[in-house]
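Engineer: Give me a 3D structure for the following:
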Amino acid sequence: MPFAELMSRIQELPKIDKLRLMQFLATELVKEENANFFVANQEYPVWSPYNCSEAASVLMNLLATKQQEKNG
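Structural biologist: Got it, this is the predicted structure:
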């Protein structure tokens, strides 16, 4: 099937099927990249914004600076 025809068929799919297709493609890419990318029963750290007051302070200072520059 030509790529253009495939894209046209994908555009006709309902939203839930497009999401399933995205999940399928992402899984396939991971499989091709590294067979041991995710290992069962393994813990993986996930970053969270909680307790990151320093980052929030830097962002607020940046926003304040940009607002002052905008106001002249």
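
Engineer: Restricting the selection to alpha carbons, write stretch 28-43 to CSV.
Structural biologist: Extracted as CSV, the C-alpha positions of stretch 28-43 are listed here (Å, rounded to 0.1, in the frame of the first residue of the first chain):
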residue,chain,number,x,y,z
GLU,A,28,7.2,-1.3,17.7
LEU,A,29,9.8,1.4,17.7
VAL,A,30,10.9,0.4,21.2
LYS,A,31,11.1,-3.2,20.2
GLU,A,32,13.3,-2.4,17.2
GLU,A,33,15.5,0.0,19.2
ASN,A,34,16.3,-2.3,22.1
ALA,A,35,14.7,-5.6,23.0
ASN,A,36,15.4,-5.0,26.7
PHE,A,37,14.2,-1.4,26.9
PHE,A,38,11.5,-2.2,29.5
VAL,A,39,12.0,-5.2,31.7
ALA,A,40,9.1,-6.8,33.5
ASN,A,41,9.0,-6.1,37.3
GLN,A,42,11.7,-3.4,37.0
GLU,A,43,11.2,0.0,38.7
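
Engineer: ok now that stretch, how far from the chain's centre?
Structural biologist: 17 Å (Cα atoms, centre = their mean, to the nearest Å).

Engineer: can you check stretch 6-19 too?
Structural biologist: With Cα atoms, centre = their mean, you get 19 Å for stretch 6-19.

Engineer: Can you read off the pLDDT for the most centrally placed residue in the chain?
Structural biologist: Nearest to the geometric centre of the chain sits A26, at 11.0 Å (Cα atoms, centre = their mean). On the pLDDT scale, A26 is placed at 91.

Engineer: Would you mind pulling up the elements that the strand or helix carrying it packs against?
Structural biologist: Assigned by DSSP states H and E, A26 falls within helix 15-33. The criterion is 3 or more Cβ pairs under 8 Å, 6 or more residues apart in numbering; DSSP states H and E, and there are no helices or strands that helix 15-33 contacts. All C-beta atoms are positioned from the backbone trio N, CA, C, and that covers glycine.

Engineer: how about a cut-off of 10 Å?
Structural biologist: Here helix 15-33 touches helix 3-12, going by 3 or more Cβ pairs under 10 Å, 6 or more residues apart in numbering; DSSP states H and E.

Engineer: contacting residues around the helix it packs on?
Structural biologist: Contacts to helix 3-12, defined as Cβ atoms under 10 Å, 6 or more residues apart in numbering, come from residues M1, P2, D17, K18, L21.
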